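Peer 1: Sequence below, structure please.
(chains A and B)
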Amino acid sequence: ETGVTQTPRHLVMGMTNKKSLKCEQHLGHNAMYWYKQSAKKPLELMFVYNFKEQTENNSVPSRFSPECPNSSHLFLHLHTLQPEDSALYLCASSQRATGELFFGEGSRLTVL
Amino acid sequence: QKEVEQDPGPLSVPEGAIVSLNCTYSNSAFQYFMWYRQYSRKGPELLMYTYSSGNKEDGRFTAQVDKSSKYISLFIRDSQPSDSATYLCAMTLTDSWGKLQFGAGTQVVVTP
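Peer 2: Numbers count the residues shown, from 1 in each chain, chains lettered A, B, ... in the order given. The predicted model follows:
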């Protein structure tokens, strides 16, 4: 595996379900990010982790819960989502908080 | 007012033509300006970045930044069908490459 890998690539869930998105980076980076990409809207930064510590929470609702157990793995736990949360969730990593971002292919989430 | 404005397109051009893309922004504190390319069902990848005002050329791609007008551009010369993608502008403050402000992206279609 190379680069930034996200699973699952597609996810359909009901509003009462609990699911998780997983991201793994194989680049030796120490900063990881979650971005949300909705149709026709700019990418929105959600969370930033630097050396496993959360350094940014961009006013994200508590139904999104991130977890970063180590510098290579990042999770986004989802519960009681709303249909407007349907979007492409992109994980990214960088060598440091000031480095170039490398994105995964994203997890396409549909909330029914 | 959005912090970064970008025309969503689609922009359709014949093969070999020059593609001209642009973004305007409102925050005069932005220092780094990037262009990302995103193919369908893929994550964004960094094409070019420019620091402060000026031009930068890389092969068929030229990026321009005019900070006085808060306006950035990307030109693609001798466009190819493989250039068909969505192009995202992004910008950030000094040393905050991970925390990017994106435009909504312009879809480009290059027809053979």
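Peer 1: Tell me how many other residues surround residue 55.
Peer 2: Going with chain A. 13 (other C-beta atoms under 10 Å in any protein chain shown). Where C-beta positions appear, they are placed from N, C-alpha and C, glycine not excepted.
Peer 1: Hmm, no, I was thinking of chain B.
Peer 2: Residue B:55 is flanked by 12 other residues according to other C-beta under 10 Å.
Peer 1: Now whichever residue of chain B sits closest to chain A: which helix or strand?
Peer 2: Going by C-beta to the nearest C-beta, chain A is nearest to residue B:43 of chain B, at 3.3 Å. Per DSSP states H and E: residue B:43 is located in neither a helix nor a strand.
Peer 1: Okay, and the beta partners of the closest residue to it other than its chain neighbours?
Peer 2: Spatial nearest neighbour of residue B:43, chain neighbours left out: residue A:103 (3.3 Å); criterion: C-beta to C-beta, 6 or more residues apart in numbering or on different chains. Going by DSSP bridges, residue A:103 is paired in beta bridges with residue A:92.
Peer 1: Name the nearest residue to residue 71, ignoring sequence neighbours.
Peer 2: By default, I'm working from chain A. That would be residue A:30: by C-beta to C-beta, 6+ apart, it lies 4.9 Å from residue A:71.
Peer 1: could you do chain B instead?
Peer 2: Nearest residue to residue B:71 in three dimensions, chain neighbours excluded: residue B:24, at 5.4 Å (C-beta to C-beta, 6+ apart).
Peer 1: That neighbour: neighbour count?
Peer 2: Neighbour number of residue B:24 under other C-beta under 10 Å is 16.
Peer 1: Now do the same contact list for it.
Peer 2: Residue B:24 makes contact with B:4, B:5, B:69, B:70, B:71, B:72, according to C-beta atoms under 8 Å, 6 or more residues apart in numbering or on different chains.
Peer 1: For the host helix or strand of it, buried residues please.
Peer 2: Taking DSSP H and E as the criterion, residue B:24 maps to strand B:19-25. Neighbour counts using 16 or more other C-beta atoms under 10 Å in any protein chain shown place B:19, B:21, B:22, B:23, B:24, B:25 of strand B:19-25 among the buried residues.
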